[in-house]
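Trainee: got a predicted structure plus its sequence, pasted below:
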Amino acid sequence: MQLNIVLLNFVYAIIGGAITLIFMFIGFRFLDRLTPFSTSDELAKDNRAVGAVVCGIFIGIGIAIGLVIGMGLN
């Protein structure tokens, strides 16, 4: 019985990680379309301000999706 619960939680974690990565990609593309410059080019030029914004977006999306997945496991 316990092994089934552990395996089910592991599957939820894998699916949740994949969903989080998809939403991070969508968030990055949304930022890239929202700004008048190319975010990828600015990151390649070592623009730390753009890097901080992208980092904030990734952290925010990761926390939000992680909370949703965590609440779903309870």
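Mentor: Yes, it's here.

Trainee: for the longest helix along the chain, buried residues please.
Mentor: Assignment by DSSP state H gives helix 2-34 as the longest helix of the chain. The neighbour-count check on helix 2-34 (16 or more other Cβ atoms under 10 Å) flags 16, 20, 24, 27, 28 as buried. Where you see a C-beta, it was placed from the backbone N, CA and C, and this is true even at glycine.

Trainee: the third one and residue 62 touch, don't they?
Mentor: Yes. Counting by Cβ atoms under 8 Å, residue 62 is a contact partner of residue 24 at 7.0 Å.

Trainee: where does this structure have low pLDDT?
Mentor: Counting by pLDDT under 70, the chain has low-confidence residues at 1, 72-74.

Trainee: tell me how far the spatially most central residue of it lies from residue 31.
Mentor: Centroid-nearest residue in the chain: residue 24, 3.6 Å away (criterion: Cα atoms, centre = their mean). Distance of residue 24 to residue 31, computed by Cβ to Cβ, to the nearest Å: 11 Å.

Trainee: got the buried residues for stretch 44-64?
Mentor: For stretch 44-64, by 16+ other Cβ under 10 Å, it's 50, 54, 58, 61, 62.

Trainee: and those residues, which two are furthest apart?
Mentor: Taking Cβ to Cβ, the two most distant members of those are 50 and 62; they sit 18.4 Å apart.

Trainee: make CSV from the buried residues of helix 2-34 and add distance to residue 5 to it.
Mentor: Formatted as CSV, the buried residues of helix 2-34 follow (distance: Cβ to Cβ, whole Å):
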residue, distance to residue 5
16, 16
20, 22
24, 28
27, 32
28, 35
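
Trainee: show me which of the residues you listed is closest to residue 42.
Mentor: Residue 42 has its nearest neighbour among those in residue 28, at 12.3 Å by Cβ to Cβ.

Trainee: which residues are in contact with that closest one?
Mentor: By Cβ atoms under 8 Å, 6 or more residues apart in numbering, the contact set of residue 28 is 39, 54, 57, 58.

Trainee: kind regards, and thank you for your time.
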